[in-house]
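Asker: how would this look folded up:
(one chain, ligands or ions: 1)
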Amino acid sequence: MSRYPLHLDLTGRRVLVVGAGAVAARRVRSLGDADVRVVAPDVADGFPDVPVERREFRPDDVDDAWLVLACTGVVDDEVAKACDERRVWCVRADDAAASAAWVPAVSRVDDVVVSVTAGGDPRRAVALRDALALSLQTGDLPLRRSRQAAGSVAIVGGGPGDPDLLTVKARRLVAGADVVVRDRLAPVVEVPEGVEVVEVGKTPGGSSWHQRDIEWLLVQKAREGKRVVRLKGGDVHVFARGMEEIAACVEAGVPFEVVPGLSSALAGPTYAGIPVTARGVTQSFAVVSAHLPPGDPGCTVDWDALARLGGTLVLLMSVGRLSAACAALVAGGRAGDTPVA
Ligand SMILES: C[S@@+](CC[C@H](N)C(=O)[O-])C[C@H]1O[C@@H](n2cnc3c(N)ncnc32)[C@H](O)[C@@H]1O
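Answerer: So this is what the prediction gives:
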């Protein structure tokens, strides 16, 4: 028998649920803003807080309902008959084959609704629904919209470079993006055909985009109705100018979200076999930018305090300034034989 799938807007519409056991409770919870009425002589513990008439079902209960869910296991046949007579759709919990309508297994990912029926086998439907939902969540299915809607910006921490270290949310956002604005040290992500990738990476000493231009681009693309993913290396707030990009979205009134990423400040040492804390060895760590070396007039890092602090120091952007950093630390009191990697 072929069935016609349909997504109903039940907001404010009367839905009658007959029965108040575990199945009815599950169904009631999924009815959202419907005007739910329940008829049942007995009510299970923990049943949702909806109006219940504690009595046996009567055929005229169906009269003002748009939809009826028969969940009694006892009088579902009687309920279905009353519905047929009044041309009201009835979902029977007791007998899928005899039921005029089926409730699918449903999952929502982003604005996509996965809704599965599987030949009247609910467990099979749930297994399929979960597999589909997982593939959507992890960005393995094409989530990109084909119709233009409201634009937005997702400022996403992409982790230290290995695409396997992208978060599930980052992958999902990339899968749904119209534009990816990528930093030089962000992971190289695969995007479907037609997705625009703008490389705005700032190469040390090389040509680069100005920060203000990147912010303008994010706002501009979102205003064109695009879903923009601003893919940054590591975390969005670890020496990454995430604040400025957020401020640009706020100022422009562009909807945005921020997704944390795994910072290279932690992932780098871990991959190199260096625990940033280790019981009995070091109980703290500090992450410092050495972009401006000690002694530089613009440098706000208190190198003497860092030298006294003990614990592990993670110096980012330090390769060209390593000897100056080490000299400042030793001058501040760090032991000259402190292990360095
Ligand atoms: C501008 S900072 C951005 C940091 C980034 N937001 C983060 O949380 O990892 C760039 C510096 O992070 C460090 N870095 C970034 N990715 C790295 C990686 N895969 N391995 C080691 N260091 C990395 C380097 O010190 C690089 O100069």
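Asker: residue in this protein nearest to the ligand?
Answerer: G234 (1.9 Å; Cβ to the nearest ligand atom). C-betas here are computed from N, CA, C, even on glycine.
Asker: Flag every residue of the stretch 201-341 of the chain that's near the ligand.
Answerer: Taking Cβ under 6 Å from any ligand atom as the contact definition, the stretch 201-341 of the chain meets the ligand at 233-235, 238-240, 263-265, 268, 316-317.
Asker: Dump these into CSV; add pLDDT as well.
Answerer: Putting these into CSV (pLDDT from 0 to 100) gives the following:
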residue, pLDDT
G233, 97
G234, 98
D235, 98
V238, 98
F239, 96
A240, 95
S263, 98
S264, 98
A265, 98
G268, 96
L316, 96
M317, 94
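Asker: Show me which of the residues you listed is closest to A24.
Answerer: Using Cβ to Cβ, D235 comes nearest to A24 of these, at 46.1 Å.
Asker: Can you report how many residues neighbour the closest one?
Answerer: Close neighbours of D235, defined as other Cβ atoms under 10 Å, add up to 23.
Asker: again, but for L132
Answerer: Each residue near L132 was counted by other Cβ under 10 Å, and the total is 19.
Asker: Give me the below-cutoff pLDDT ranges for the stretch 151-300 of the chain.
Answerer: Where the stretch 151-300 of the chain drops to pLDDT under 70, the residues are 204-207.
Asker: Helices of that one, start to end?
Answerer: Secondary structure of the stretch 151-300 of the chain by DSSP state H, counting those that start in this stretch: the helices cover 168-175, 211-223, 242-252, 264-271.
Asker: Can you tell me which of the ones you listed is most buried?
Answerer: Highest mean neighbour count among these (mean count of other Cβ atoms under 10 Å): helix 168-175, with a mean of 22.
Asker: counting contacts, what elements does that helix pack onto?
Answerer: Judged by 3 or more Cβ pairs under 8 Å, 6 or more residues apart in numbering; DSSP states H and E, the packing partners of helix 168-175 are helix 122-137, strand 152-157, strand 227-232, strand 256-259.
Asker: any residue of it up close to the ligand?
Answerer: No. In terms of Cβ under 6 Å from any ligand atom, no part of helix 168-175 sits within range of the ligand; the closest distance is 13.3 Å.
Asker: Relative to the whole chain's centre, how far out is that helix?
Answerer: 8 Å (Cα atoms, centre = their mean, to the nearest Å).
Asker: Over to stretch 58-70?
Answerer: For stretch 58-70, the distance to the chain centre is 39 Å (Cα atoms, centre = their mean).
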